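Chemist: quick check, what structure comes out for this input:
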Amino acid sequence: MKKLFILLWLFPVVALASTNDSLYRPIHISVFSNATLLPGSGFAGIVNTPIHPGFTIGSGFNYRQTEHNSLFQTFKLGYFYHRLAQHALQLYSEAGYQHQFNCGFSFRTLLGLGYLHSIPDMEVFELNSDGEYERAGRLGRPQGMGGLTIGIGYNINKKSNHPMRIGLDYQVWFQFPFVQEYVPVLPNTTLHLSFTYHIPKSTSK
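Modeler: So this is what the prediction gives:
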C-alpha cells in the first residue's frame, strides 16, 4: 500500500515538471480546522468546535483551461493537531474542476487521495509476551486518506501578472485504517480558508 501512495503522489510531481499548459504556477496555502465527524454536523452543517488547527501548502498544474472552466491537479503537504488524539502529516494529490464566473467568483470540486502519518498525542501501551503492559513507540503509523472537497472563491486582480484567489473550501475525507476492531475508517470534515497566488513560469532556457 505504501508503494501505491508514493506512485499516486509522484505522478503530479513528474507531470508538473514537464507540462507547459499555463503561463502561471499556483502556490496554494490554507489554514483549517478539522473535526472527526460526518458531514452536516456543527453550525450550518460545516463549522465545528473545538478547533483542531492545521495548515496545507502546495502547488499544481492545469490539464485543460478555458476562459470559464479548468481541469487541474494539485499536490499538497498538510499538518493538523487533534488534542488528546493525534498529530497528523498529510501528503496527497487532488484532481479538480473549477468554473469561473464573470463576476469574479468561482466554484470548484476536487477528488483526492494520499498518505497520512498519524502520531498519537498520548502515551500508548501494548501487552507484551509476558502479559505485562509496556510503553509503545511514538513514531506513529502510516495510513491512507481520501475524500471530496467543494469550495467557492473570489479572484483578485485577475488581469494582473500575479492573479490571486481567496477561497472557502469544505472537505469531507476518510482516514484508514484507523482502529480495525471498531472504527476501521474514520470520517473527517475540514473547513479551509485558502489563498492561491499565481507566479509566472520561468521562460529561461
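
Chemist: low-confidence ranges in this structure?
Modeler: 1-23, 44-45, 122-138, 158-162, 180-182, 201-205 (pLDDT under 70).

Chemist: just the strands in it please.
Modeler: Along the chain, the segments classed as strands by DSSP state E run 24-35, 53-65, 69-82, 86-100, 105-120, 125-127, 133-135, 141-156, 164-176, 186-200.

Chemist: can you give me the angle the third one makes with strand 24-35?
Modeler: I take that to be strand 69-82. Going by axes from the mean of the first three to the mean of the last three CA atoms, to 10 degrees, strand 69-82 is angled at 40 degrees with respect to strand 24-35.

Chemist: returning to that earlier point: which one of the strands of the chain lies closest to residue 47?
Modeler: Nearest of these to residue 47, taken as CB to CB: strand 186-200 at 6.4 Å. The C-beta positions use only the backbone N, C-alpha and C, and glycine is treated the same way.

Chemist: parallel or antiparallel, list what pairs with the closest one.
Modeler: Strand pairing for strand 186-200, using DSSP bridges, gives strand 24-35 (antiparallel), strand 164-176 (antiparallel).

Chemist: list the buried residues for the last one?
Modeler: Just to be clear, that refers to strand 164-176. By 16 or more other CB atoms under 10 Å, the buried positions in strand 164-176 come out as 164, 165, 167, 169, 170, 171, 172, 173, 175.

Chemist: same question, stretch 142-154
Modeler: When burial is assessed from 16+ other CB under 10 Å, stretch 142-154 yields the following buried residues: 143, 144, 145, 146, 147, 149, 151, 153.

Chemist: is it true that residue 61 touches residue 70?
Modeler: No. If you go by CB atoms under 8 Å, residue 61 and residue 70 don't touch, sitting 10.4 Å apart.

Chemist: higher neighbour count, the two?
Modeler: Per other CB atoms under 10 Å, whichever of residue 61 and residue 70 has more neighbours is residue 61, with 22 against 19.
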